[in-house]
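Trainee: next come a sequence and a model predicted from it.
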There are 2 protein chains.
Amino acid sequence: MPIVERILMGPGPCNPYPEATEALGRPMLGHLDPVFLGILDETCDRLRQVWSTENHLTLPISGTGTSGMEASFVNLVHPGDVVVIGVNGLFGQRMVDVAGRAGAEVVTVEAPWGQPLDPDALLSAHRSPAIIAMVHAETSTGIQNDVAAVAAGKGDALLIADCVTSLGGIPVDIDGWGVDAAYSCSQKCIGVAPGLSPFTLGPRAWERRVTQPQSWYLDLGMIDEYATTGHARKYHHTAPVAMITSLGAGLGVLLEEGLESSWARHRSCGQMLQEGLVALGLELAAAEGHRLPQLTTVKVPDGVDDAKVRQLLLERYGIEIGAGAGQWAGQVWRIGCMGHTARERNVILLLQALAEILGR
Amino acid sequence: MPIVERILMGPGPCNPYPEATEALGRPMLGHLDPVFLGILDETCDRLRQVWSTENHLTLPISGTGTSGMEASFVNLVHPGDVVVIGVNGLFGQRMVDVAGRAGAEVVTVEAPWGQPLDPDALLSAHRSPAIIAMVHAETSTGIQNDVAAVAAGKGDALLIADCVTSLGGIPVDIDGWGVDAAYSCSQKCIGVAPGLSPFTLGPRAWERRVTQPQSWYLDLGMIDEYATTGHARKYHHTAPVAMITSLGAGLGVLLEEGLESSWARHRSCGQMLQEGLVALGLELAAAEGHRLPQLTTVKVPDGVDDAKVRQLLLERYGIEIGAGAGQWAGQVWRIGCMGHTARERNVILLLQALAEILGR
């Protein structure tokens, strides 16, 4: 079967950086090989820079972004803990489900899809929550929520931030804001294949963690003893060597470009895309002033066949965009411009292809 | 930093098949791309052949082998269920920990390290266990346990088999034996990079599963709706596209060679290795008649520096072998001959290198 090549402008994966792809194919190393442990240390150091944190427990979890979400809750929720969760999209809702399965008493604070969460509403939802949790960049709606404002007012609560779609694409400042636990994924603005969840946990969260979480696989106390430097490298599970090597290489590209340059590139591509879509007569779905540059939601025009347009983009142009999800299924397209995909040439091509397909 | 190349003769990862490595570097596809869904379907079909099962729910779990262990227990253990677990090594002990965290009332049946489990002891340990669980190939000791005998006598209980080190290397017959749930890993006798857990679940287990398991990430009901053909491909988490493509390619190599040829190759390499070690005056640690060909444990001779020998093998010859673990830490070496590593040329080189280092 011939090998197919795509321009990946859905909600992820993006096209990985060539350096990340090259690293996937390097000769395999053992998970305790000193050379691999050097790569792992370097990868964790690079993650600290990208997260803007000095947290010792900063590492890639051996699963996709959702495994990072689950690791956050199962390691921090004690039975009956009150957890306030902001919900204005699919991934806030997922947090509610995951936290509930970890034994939390969940208090939800909702905002309509396409609107940001109100930080004051999150902060005043309960007198003394153990944890507040929110999504920084809602992949289902294209909305940015204000993590910094919630972090500033969290008081004694721990703050968990979902940075799956934000890390590398827009500013994330774990230590500056005061976020206690955060997770991301490898396949969006980090520009690597899917399969890992960059993760960081601060000292306040570490002190309050569950010492024997319900998940053995995601037990951070045990993972830390293998994964971070200064420990005995005690075996927990076999590290996904190729994926970690690739993550390290992708982070290297990102840091060589510079975080601020990467944010600027994502910002300018997103702006160009959003202006171009409006120029085509399309309507953006997320509230102005709160739109993510890296993930744009745009309404499917009346009378247009959602799936047919996506199919034509894929078949004629090799471009993937995403369908709407949850409440917005069939109503919007989700267009990602993340990682190595965030290049003006891709935006130009997509806008031209859409113009041709829609006859505008 | 120069790229380092190793001959991987530890307990895993092995050296992946070149076809599996090549597939890792293919252009990235979306997790809902019809081309990728074709690759996923083909990979699941190949897994069914390798597992020797018609189980519809046969798929790669998005984590390492231990995530497959955890998926087995969290999806099958109802609170207070009696689970009989055979323990004659580190991975049986790990099952006890994982099952306990899933709410099981665990009954352990032990055998000394280096000896096989007694199937009758497992079958008579409790009047009516909900589940019996055992490791087929104990990576910590090099012992093969008799899964078929336990399956034949399990009665109404479900049987969970850990096939992390067995699948692809020695016969595994899920349907023929009557195993209800089994998991493996990608990086041992399957010959692919670490990061996935091939998994299969039979209809009896499916009927008795926990409908809302404590793990959202490993919720098989939800994963199945995305991963197996015939479903709506409902999004659960972003599939690790590159790793699954690589797994499919590695399984292709294995099936083209033929399962029986692969088993024969592992058997002859293991026999050559074990005879060669004895000829060097070394003592094998696992009981005769129950030794795995793909994972050999050999005692560190008196007066020999365990770590120094492993370091010299790595530095002088580029060969990795494994240290002992758990009870056998410092007492044995663990030598894997799995997947693409299971070639006579590697055995010859290792034996010669050991002879030189040990001065024999």
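Mentor: Perfect, I can see it now.
Trainee: mind listing what A:Gly169 touches?
Mentor: Taking C-beta atoms under 8 Å, 6 or more residues apart in numbering or on different chains, we find A:Gly169 in contact with A:137, A:188-189, A:262-263, A:266, A:292-294, A:338-339, A:342. Bear in mind the C-beta positions are built from the backbone N, C-alpha and C, glycine included.
Trainee: enumerate the residues of the stretch 201-350 of chain A near chain B.
Mentor: A:212-217, A:235-243, A:314, A:320, A:325 (C-beta under 8 Å from any C-beta of the partner chain).
Trainee: got a ChimeraX select line for the buried ones in those residues?
Mentor: Remark: buried members of those, expressed as a ChimeraX selection using 16 or more other C-beta atoms under 10 Å in any protein chain shown:
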select /A:213,214,215,216,217,235,236,237,238,239,240,241,242,243,314,320,325
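Trainee: narrow the residues of the stretch 201-350 of chain A next to chain B to those in strands?
Mentor: Those of these mapping onto strands are A:Glu320, per DSSP state E.
Trainee: now intersect the residues of the stretch 201-350 of chain A next to chain B with the helices, please.
Mentor: With helices taken from DSSP state H, the overlap with those comprises A:241-243, A:314.
Trainee: return the member of those nearest to chain B.
Mentor: A:Ala242 (4.0 Å; C-beta to the nearest C-beta).
Trainee: who does the helix or strand of chain A with the lowest mean pLDDT touch, helix- and strand-wise?
Mentor: Within chain A, judged by mean pLDDT, DSSP states H and E, the helix or strand with the poorest mean is helix A:220-227; its value is a mean of 94. Contacts defined by 3 or more C-beta pairs under 8 Å, 6 or more residues apart in numbering or on different chains; DSSP states H and E place helix A:220-227 against strand A:57-61.
Trainee: any part of the strand it packs on near chain B?
Mentor: No. Strand A:57-61 lies apart from chain B when judged by C-beta under 8 Å from any C-beta; the minimum separation is 9.1 Å.
Trainee: equivalent analysis for stretch A:191-199, please.
Mentor: Yes. On the criterion C-beta under 8 Å from any C-beta, stretch A:191-199 is in touch with chain B at A:193-195.
Trainee: give me the buried subset of the residues you listed.
Mentor: Neighbour-count burial (16+ other C-beta under 10 Å) is assigned, among the residues of stretch A:191-199 next to chain B, to A:193-195.
Trainee: average model confidence for whichever strand or helix holds A:Phe36?
Mentor: In this assignment (DSSP states H and E), A:Phe36 forms part of helix A:34-51. Averaged over helix A:34-51, pLDDT sits at 98.
Trainee: list of residues touching it?
Mentor: Contacts with helix A:34-51, where a contact means C-beta under 8 Å, 6+ apart, come from A:29-30, A:54-55, A:58-60, A:167-168, A:172, A:174, A:182, A:190, A:198, A:200, A:227-229, A:233, A:239, A:241, A:244-245, A:247-248, A:251-252, A:254-255, A:259, B:1, B:4.
Trainee: now, those that are in helices?
Mentor: Going by DSSP H, the helices hold A:174, A:227, A:241, A:244-245, A:247-248, A:251-252, A:254-255, A:259 from the contacts of helix A:34-51.
Trainee: could you dump the residues you listed to CSV with distance to B:Val87?
Mentor: Converted to CSV, the ones in helices among the contacts of helix A:34-51 look like this (distance: C-beta to C-beta, whole Å):
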residue, distance to B:Val87
A:Ile174, 41
A:Ala227, 27
A:Val241, 29
A:Ile244, 31
A:Thr245, 34
A:Leu247, 35
A:Gly248, 37
A:Leu251, 40
A:Gly252, 43
A:Leu254, 45
A:Leu255, 46
A:Leu259, 49
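Trainee: please list only the buried members of those.
Mentor: Burial by neighbour count, 16+ other C-beta under 10 Å: within the ones in helices among the contacts of helix A:34-51 this picks out A:174, A:227, A:241, A:244-245, A:247-248, A:251-252, A:254, A:259.
Trainee: ok, so of those residues, who is nearest B:Ile131?
Mentor: Taking C-beta to C-beta as the measure, B:Ile131 lies nearest A:Ala227 of those, at 31.1 Å.
Trainee: separation between the closest one and chain B?
Mentor: Between A:Ala227 and chain B the distance, using C-beta to the nearest C-beta, to the nearest Å, works out to 13 Å.
Trainee: give me the nearest residue to that residue, chain neighbours excluded.
Mentor: A:Leu59 (4.4 Å; C-beta to C-beta, 6 or more residues apart in numbering or on different chains).
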